[in-house]
Structures are given as structure tokens and as C-alpha cells.
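Asker: this is the structure alone, sequence omitted:
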């Protein structure tokens, strides 16, 4: 078009930018942007919105901010695109601030704005913001919209309130696969696999066809429940019954199903016969399973694959180091840590956070910075006495350091999830439910400790770690110790 001497107009730029967004082609998008500047369309609201969408889809949020700030007019579509961009890049706090700014400037959100803002709340598990948006949706008559409904269910599930998500779902007439997927995946994340499988059967009976996302939720449910044969059946039914070609994510889920059950021979056969090339996700699940079951040989092979595919990811080194530590192979532990150091790779510190009175309190392992640390330690000493009475004995195998038993026990009592729990208990959380969030997998001894604590307090304790939710009540966990 340009070669033939035609001058692009507003509609040309919008169309080509949409193509760049769909393909996440940032390089071509930047070339189009330069033509937009030359043709003096950069302040046009429609072209600007398309530019914002393109940069947001490519994850370039600094460029998004710069373009947004220069727009002559910011309508609801421009606001929605930038809010959606921040929500999709896990910057929920910024998305929430922009939503509030939009309302202060008199722009009324539509159903897509609300859905995008709710996704931002889901990403950071901000229950209070999510509830405020729910209230707004009801007042605006948009709470039954398909996009808003799905986002609300997802928000409550990801904030630890699967019962509220379930109540919302039961109160509507699900007429879309997305809604079914949202509740199925929510049940799965919370360890309610029976409900996930029941919802799947109901979905099929009511005539809705599952898609790839549906099966990710179902395979995850089977993994959390140890349903190996059922998981395999669902995996192979994707192509045989529904014509869905399994993606690498589906293979990774099946590896997880087999790995949690210790079926390492089947894992090796599956990887050998895969139609897709195994990627980092596959080998990460293999390595995680080897850590759980102490399979050193396969763990070493999986780690070597990961060091080739993704040499910068710290968790792969840590998992291999922990496998060695569990076997007392301290020289190998030292070798792996030296390898990390020589490559400039630093371990992501374990942290936990808890929301009290709409304020987030973050704790690191062995934290000494919180202003109420002395009160927290007093509460932890009190809990130590209580849990000892109900049979808790510290399991020091979860401390991957070559130190004395006494030092290991003290290390365990200062893990971030315990400090967060101690703070929540002294803060007298309203509503009878304590919600703790953690960036890594919960430590096995902390899991046992919190189970024992839940038998001594009249509160439900919910912990979301890197892979799922754990609901602790009356000395039991929703995962049934299979995680």
C-alpha cells in the first residue's frame, strides 16, 4: 500500500495495529507507530487506544503509559484497555489505581472495564477491592453480564473464598463454557476435586462442549486427588471424544498426575512418546515430583534438561539442591549452590503476606523487620506449646541446611507462613477466616504445624501457596495431605 503511494488513514492504522496485537508483533507495531507519528494521528483517541492495546498485549506498559498520557480524549475504551493491560501483566495495584482515577474523572465503567479490574484483583488476591467492584457491578446492573460474572467467580476463588464463588455460580444460569471453566478451575485450585468432576459431568449433560481450559482444570483436579487412571482417561478423551489436540500444558498436567503418584516409569514413557517437544514446564513437573518422592537419578536428569532450556531460573537449582539435602548429600548441595553463585543466580526469598484491615503485611523467612515482631514471637511461643499438646513434633528434614537439630527447629519456627499466621492471630481477623498467601510451595512441616494450630483455634485458616489453596479446619487440611 505504501509502495503504491497510498496514504493510510485512521482505519488503516487501527486495523494493522489489531493484527500486531493478535500476533504480539512488537517490532512491526513500532514501525506502524512511527508512521502514525509522521501522519499526525498520535493524539487521536481511536488510534491511540489501538496503540495502547498493541503495546499492552506485548507487555510494554511504559510505552502504554506514555501514549495514554498524551491522548486528547480518554474515553471508557482507552481506560479499559490500559486497565486490562495492567491486569494481564499482574500489576493489579496499578490497575486498581487507574480504575479509581477513571471514576474521579467522571468516566463510567462498562462491563469490560469491571471485568478487567476484577481480573486485577484476582492477580493480587485483593478481596476488599474485589468486593467493592462487586457492589459497583450490582448497582450498575452489570453483575449478571457473562464477562463480569466469570471475573467475579474467578476473583472470589483466587482470594480464597470458593464458597462465595460457588454461591455466585449457583445463583445464575450458566450459558457459556467460560463460566463452567471458571468454577471447575476454582474447585480444582481449592482441592475440591469431587466438585470439579461433578461440575464437568453436569456441564456435559447440559450440552456444553469442553475446551482446552476445561481439561486443564479437570487434569489438575485429578492430580490433587491422586486419581491417576481417571486423569489418564480424561487426557486421552480430549482427542478421542472431543477432537481437542492436547497442548504442552495438558501434557505437563498429566506428568503432574503421574508424578504426584510416583509413577516415574509411566512419566518416562509419556515423554518418550510425546508428539510435542518437552519444554521447561514438563521437566519442572518431573523435577518437582522427584523432590516429593526423593528420586535422585531422574531428578538429576530433569535438572540437567532444565539447565539447558532455562538456565536462569533459580527454582530448578533449589529443587535439585533440596533433593540432595533430603539424602544428606551435602557436598552435592554445596556444588549446586556454587553453580548458582558462579552464574549470578540468586534464590527468590520465600515470603508470605496477609491482609489486615485492607493493608498488606509481608513477611520473609527469619524476618526481623515487622514492628510487632515481639508480639508475633510471643504468639508463636504460645502456639508452640499448644501444638505440642496435640502431638506436633518438628520435622527437621524440611530444613535443607547442614546445621544442628536445634538450629533447624528454630529455623522452622521462623518460616514466613508461620510469622504471617502469628500476626493474623494477634490482629484478631474479622470474619473467622485467616487468609495467608505464599510465593513458594508451603513447607511440609509448616503444613503439619498449621493443621495442628487449626485444631486449637476456632477459625478456618486458608493458605494459598504457589500451586493451590489449603483449607485448614479442626486439625485437617482440604488437600488430605496429598499435595
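Answerer: Perfect, thanks for sending it. Bear in mind the structure is a predicted one, so any value in this text is a computation, not a measurement.
Asker: is it true that residue 343 touches residue 311?
Answerer: Yes - using C-beta atoms under 8 Å, residue 343 is in contact with residue 311, at 7.0 Å. C-beta coordinates here come from the backbone N, C-alpha and C atoms, glycine included.
Asker: OK, contacts around residue 302?
Answerer: 283-284, 286-287, 290 (C-beta atoms under 8 Å, 6 or more residues apart in numbering).
Asker: please identify the helix or strand for it.
Answerer: Using DSSP states H and E, residue 302 sits within helix 296-309.
Asker: which helix or strand lies directly C-terminal to that helix?
Answerer: Immediately after helix 296-309, counting by DSSP H and E, sits helix 314-326.
Asker: buried ones in that next one?
Answerer: Buried residues in helix 314-326, counted by 16 or more other C-beta atoms under 10 Å: 315-326.
Asker: how about stretch 94-110: buried residues?
Answerer: Neighbour-count burial for stretch 94-110, counted by 16+ other C-beta under 10 Å, picks out 94-96, 98-99, 102, 107, 109-110.
Asker: show me what whichever helix in the chain runs longest is packed up against.
Answerer: Longest helix in the chain, counting residues (DSSP state H): helix 373-389. For helix 373-389, the packing partners by 3 or more C-beta pairs under 8 Å, 6 or more residues apart in numbering; DSSP states H and E come out as helix 416-426, helix 444-454.
Asker: next secondary structure after whichever helix or strand residue 235 is part of?
Answerer: Under the criterion of DSSP H and E, residue 235 resides in helix 228-242. For helix 228-242, the following helix or strand on the C-terminal side (DSSP H and E) is helix 248-260.
Asker: centre of the chain versus that following helix, how much separation?
Answerer: Chain-centre distance of helix 248-260: 17 Å, with C-alpha atoms, centre = their mean, to the nearest Å.
Asker: any idea which helix or strand comes after it?
Answerer: Sequence-wise, the next helix or strand downstream of helix 248-260 (DSSP H and E) is helix 264-273.
Asker: now that following helix against helix 248-260, angle please.
Answerer: With axes from the mean of the first three to the mean of the last three C-alpha atoms, to 10 degrees applied, the angle from helix 264-273 to helix 248-260 works out at 160 degrees.
Asker: for the helix or strand harbouring residue 331, packing partners?
Answerer: Element membership for residue 331, per DSSP H and E: helix 330-342. Packing partners of helix 330-342 (3+ C-beta pairs under 8 Å, 6+ apart): helix 314-326.
Asker: relative to helix 330-342, how tilted is the helix it packs on?
Answerer: Helix 314-326 and helix 330-342 meet at an angle of 160 degrees, taking the same axes, to 10 degrees as the criterion.
Asker: all numbers from here: first residue = 23
Answerer: From this message on, residue numbering opens at 23, which makes the last subject helix 336-348.
Asker: residues in contact with helix 336-348?
Answerer: Helix 336-348 is contacted by residues 306, 309-310, 312-313, 316-318, 321-322, 325, 328-329, 332, 352, 354-355, 358-359, 361-362, 367-370, 419, 422-424 when judged by C-beta under 8 Å, 6+ apart.
Asker: tell me where the model's unsure across the protein.
Answerer: 451-453 (pLDDT under 70).
Asker: just the helices in the stretch 23-172 of the chain please.
Answerer: Secondary structure of the stretch 23-172 of the chain (DSSP state H, counting those that start in this stretch): helices located at 32-45, 48-60, 67-79, 83-92, 98-110, 114-126, 133-146, 149-161, 168-180.
Asker: JSON lines for these, including distance to residue 292?
Answerer: Shown next, in JSON lines, are these (distance: least, C-beta to C-beta, whole Å):
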{"stretch": "helix 32-45", "distance to residue 292": "32"}
{"stretch": "helix 48-60", "distance to residue 292": "35"}
{"stretch": "helix 67-79", "distance to residue 292": "33"}
{"stretch": "helix 83-92", "distance to residue 292": "38"}
{"stretch": "helix 98-110", "distance to residue 292": "32"}
{"stretch": "helix 114-126", "distance to residue 292": "36"}
{"stretch": "helix 133-146", "distance to residue 292": "32"}
{"stretch": "helix 149-161", "distance to residue 292": "39"}
{"stretch": "helix 168-180", "distance to residue 292": "30"}
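Asker: any buried residues in stretch 374-388, and which?
Answerer: Neighbour counts over stretch 374-388 (16+ other C-beta under 10 Å) mark 374-378, 383-387 as buried.
Asker: so which of these would you say is closest to residue 399?
Answerer: Closest to residue 399 out of the buried residues of stretch 374-388 is residue 385 (12.3 Å), distances taken as C-beta to C-beta.
Asker: got the buried residues for the longest helix of the chain?
Answerer: Buried positions in helix 395-411, judged by neighbour count with 16+ other C-beta under 10 Å: 398, 401-402, 405-406, 409.
Asker: helix 438-448 and that helix, what's the angle between them?
Answerer: Using the same axes, to 10 degrees: helix 395-411 against helix 438-448 is 100 degrees.
Asker: any idea how far helix 395-411 is from the middle of the chain?
Answerer: Computed by C-alpha atoms, centre = their mean, the chain-centroid distance of helix 395-411 equals 31 Å.
Asker: following element in sequence after that helix, please.
Answerer: In N-to-C order, the element after helix 395-411 by DSSP H and E is helix 427-435.
Asker: report the buried residues of that following helix.
Answerer: Neighbour-count burial for helix 427-435, counted by 16+ other C-beta under 10 Å, picks out 430-431, 433-435.
Asker: give the contact list for residue 296.
Answerer: Shown in contact with residue 296 (C-beta under 8 Å, 6+ apart): 273, 304.
Asker: give me that answer again for 10 Å
Answerer: Listed by C-beta atoms under 10 Å, 6 or more residues apart in numbering, the contact set of residue 296 reads 268, 270, 273, 276-277, 304.
Asker: got the contact list for the helix holding residue 353?
Answerer: Applying C-beta under 10 Å, 6+ apart, the contact partners of helix 352-364 are 318, 322, 325, 329, 333, 336, 338-349, 351, 367-369, 422-424.
Asker: list the buried ones in it?
Answerer: Using 16+ other C-beta under 10 Å as the burial criterion, the residues of helix 352-364 that qualify are 354-355, 358, 362.
Asker: and stretch 96-113, by the same measure?
Answerer: 96, 99-111, 113.
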